[in-house]
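Q: Below: sequence and its predicted model.
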Amino acid sequence: MKLRWFANDDMPINILSRLPAKTLHCIKYVSKEWLNLISERSFVKLQIKKNEPLSGFFFQEIFQWANNESINSVSYIPVGSDNINVWPTVLDFLPENVVLSSLNNGLLCCRSCLPSSNPSIYVCNPLNKQWTSVEWPNYLPQESNVAIVFDPFENPIDASTHFKLVAVCNTEIGEDEYCFSFDVYSSKMGLWARSKERCMCNHNLVKNKGVLVEGGILYWLTDGYQILMYDTRNELSWLVDLPIPSTQFTSVPEMCIGESRGELCYVIVSEDGLQMWVLEDRFVPQWELKIFMPLDELEEENPKVLYGISEKVRSRLCRDELAWMDPLAFKDGKVLFRVSANVYLYEFDIRRMKKLCDVSTLGPKSMFSPIVLPYSMSLVPIGRE
């Protein structure tokens, strides 16, 4: 006699769909029935949550451009548990070594190491290890940054998983004049298209690239105290000024951008303290200061981690000097910091630093310009069934 866990088939669907993706991934092997149910697109569509909790951070210790010989493995730093074990081989299911590009709603975008005889862009789900590839267009400059746009709430995943890729590149158009151009790939059409939109800008993209918020809007942090915006629905670009101009600082601050509840957030560590701003209107622009903590107060609450933080932050007088405290990535009220030679998670709600690992655990080149992407798990399948 076959043992039935539930008398009603709707009951397990109703119960399991309320659980986060991380929990479902752990329990799906309880039985063959659960595995089949949790793997079905209809169930995944029902389970998808807009506020899936932060699972961890992908970390790559290289500069954005590197040859195959200098590529090292991508590490994954989990959060949300007492025992932190860094995972060094999380993307070994892909056919080659890759460079991280962007992450959105559980789907990771990465690319071949360049130069390459046959470069590709990969879109994968690290949780179920499914992936697909897109050929790198011949006309696309190698220095282009590629971001993924994936919204399962706008584009249902009943039959297939559709996404867009936005490649942005800053090219010289005249003497000391540069502009950003945008190329968009649609997985539904299987084609690249050059956008008519251009954005005049002499700055470079740095750190957090391709942060997606509600409405299909992408943001890239630049090195000129501005944020590049591209609206994928209306093909509109804009340069958003940061809330605090550079002229107000006597030392060089460190900053990052990220997303929380569909809004763009800006985190900065400066001589004034730790601040978190939320963008209210991108065209004005209008920012709202959500959190402000003076450095002395931050040290008082975390004395073992941030001893003498005021002096150390104020003493950084040039950008080339390595910051003592560097916000690497932000997601849903949580910031991944490098503090000296250690990596910490800071949660604004509880105002505490938690050590995750030593920087050396992530590789010998992890101190300088790493690629860091916040990750929330998803059960979304890649490709057609």
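A: Looks like it came in fine. Keep in mind it's a predicted model, so treat the numbers as computed, not measured.
Q: okay, now the residue nearest to Ile244 when sequence neighbours are not counted: neighbour count?
A: Distances taken as CB to CB, 6 or more residues apart in numbering put Ile268 closest to Ile244, at 7.0 Å, once the chain neighbours are dropped. Any C-beta I mention is one placed from the backbone N, CA and C, and that applies to glycine too. By other CB atoms under 10 Å, 20 other residues sit near Ile268.
Q: from memory Ile268 sits against Phe249, does it?
A: No - counting by CB atoms under 8 Å, Phe249 is not a contact partner of Ile268; they are 9.5 Å apart.
Q: coming back round to it: tell me the gap between the host helix or strand of the residue nearest to Ile244 and the middle of its chain.
A: Assigned by DSSP states H and E, Ile268 belongs to strand 263-270. On the basis of CA atoms, centre = their mean, to the nearest Å, strand 263-270 sits 14 Å off its chain's mean C-alpha point.
Q: Who are the packing partners of the helix or strand just after that strand?
A: Under the assignment DSSP H and E, the closest C-terminal helix or strand after strand 263-270 is strand 273-281. The contact analysis (3 or more CB pairs under 8 Å, 6 or more residues apart in numbering; DSSP states H and E) places strand 273-281 against strand 263-270, strand 286-293, helix 295-301.
Q: swap the cut-off to 6 Å and go again
A: When contacts are defined as 3 or more CB pairs under 6 Å, 6 or more residues apart in numbering; DSSP states H and E, strand 273-281 packs onto strand 263-270, strand 286-293.
Q: which element is Lys304 on?
A: Using DSSP H and E, Lys304 sits in no helix or strand.
Q: I'd say the residue nearest to Ile244 and Trp277 touch.
A: No - counting by CB atoms under 6 Å, Ile268 does not reach Trp277; the two are 7.7 Å apart.
Q: Looks like Leu54 contacts Gly333 (just checking).
A: No - when contacts are counted by CB under 6 Å, Leu54 is not listed as touching Gly333 (8.7 Å).
Q: So which residues of the stretch 151-300 of the chain form strands?
A: Assigned by DSSP state E, counting those that start in this stretch, the stretch 151-300 of the chain shows strands spanning 164-174, 177-186, 191-200, 205-213, 217-222, 226-231, 236-241, 254-260, 263-270, 273-281, 286-293.
Q: partners of the third one, with directions?
A: Partner strands and pairing direction for strand 191-200 (DSSP bridges) are strand 177-186 (antiparallel).
Q: Any idea how far apart the tips of stretch 89-101 sit?
A: 17 Å (CA to CA, to the nearest Å).
Q: Just list the residues touching Ser322, thanks.
A: Just so we're on the same page, residue 322 is Leu rather than Ser. Contact partners of Leu322, counting by CB atoms under 6 Å, 6 or more residues apart in numbering, are absent.
Q: Okay, and it sits in which element?
A: Under DSSP H and E, no helix or strand contains Leu322.
Q: what about the stretch 1-150 of the chain, any weak spots by pLDDT?
A: Scanning the stretch 1-150 of the chain for pLDDT under 70 picks out 1-11, 63-72.
Q: What are the boundaries of the helices in it?
A: 10-16, 21-27, 32-39, 41-47 (DSSP state H, counting those that start in this stretch).
Q: Make CSV out of those and add distance to Asp176 and mean neighbour count.
A: Listed next are these as CSV, based on distance: least, CB to CB, whole Å; neighbours: other CB atoms under 10 Å:
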stretch, distance to Asp176, mean neighbour count
helix 10-16, 58, 13
helix 21-27, 48, 17
helix 32-39, 55, 15
helix 41-47, 50, 17
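Q: returning to what we had before: quick one: the strands of the stretch 151-300 of the chain as CSV, columns for mean pLDDT and distance to Lys304 too.
A: Shown next, in CSV, are the strands of the stretch 151-300 of the chain (pLDDT from 0 to 100; distance: least, CB to CB, whole Å):
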stretch, mean pLDDT, distance to Lys304
strand 164-174, 92, 41
strand 177-186, 95, 43
strand 191-200, 96, 44
strand 205-213, 88, 27
strand 217-222, 96, 30
strand 226-231, 97, 34
strand 236-241, 96, 37
strand 254-260, 96, 21
strand 263-270, 97, 18
strand 273-281, 97, 17
strand 286-293, 96, 17
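Q: want to try CSV for those, with distance to Leu24 as columns?
A: What follows is those, written out as CSV (distance: least, CB to CB, whole Å):
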stretch, distance to Leu24
strand 164-174, 27
strand 177-186, 30
strand 191-200, 34
strand 205-213, 23
strand 217-222, 29
strand 226-231, 33
strand 236-241, 37
strand 254-260, 23
strand 263-270, 27
strand 273-281, 31
strand 286-293, 32
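Q: sorry, back to before: let me have the helices of the stretch 1-150 of the chain in a markdown table, adding distance to Ile217 as columns.
A: Shown next, in a markdown table, are these (distance: least, CB to CB, whole Å):
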| stretch | distance to Ile217 |
| --- | --- |
| helix 10-16 | 33 |
| helix 21-27 | 24 |
| helix 32-39 | 32 |
| helix 41-47 | 24 |
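Q: of the ones you listed, which approaches Pro78 most closely?
A: Counting by CB to CB, Pro78 lies closest to helix 21-27 out of the helices of the stretch 1-150 of the chain; the figure is 9.3 Å.
Q: For that closest one, which helices and strands make contact with it?
A: Here helix 21-27 touches no other helix or strand, going by 3+ CB pairs under 6 Å, 6+ apart.
Q: switch to 10 Å and redo it
A: In terms of contacts (3 or more CB pairs under 10 Å, 6 or more residues apart in numbering; DSSP states H and E), helix 21-27 is packed against helix 10-16, helix 32-39, helix 41-47.
Q: which residues does Arg233 contact?
A: By CB atoms under 10 Å, 6 or more residues apart in numbering, Arg233 lies in contact with Val149, Glu154, Gly215, Gly216, Ile217.
Q: Leaving out sequence neighbours, find the closest residue to the fourth one.
A: Distance criterion CB to CB, 6+ apart; nearest residue to Gly216, sequence neighbours excluded, is Thr232 at 4.3 Å.
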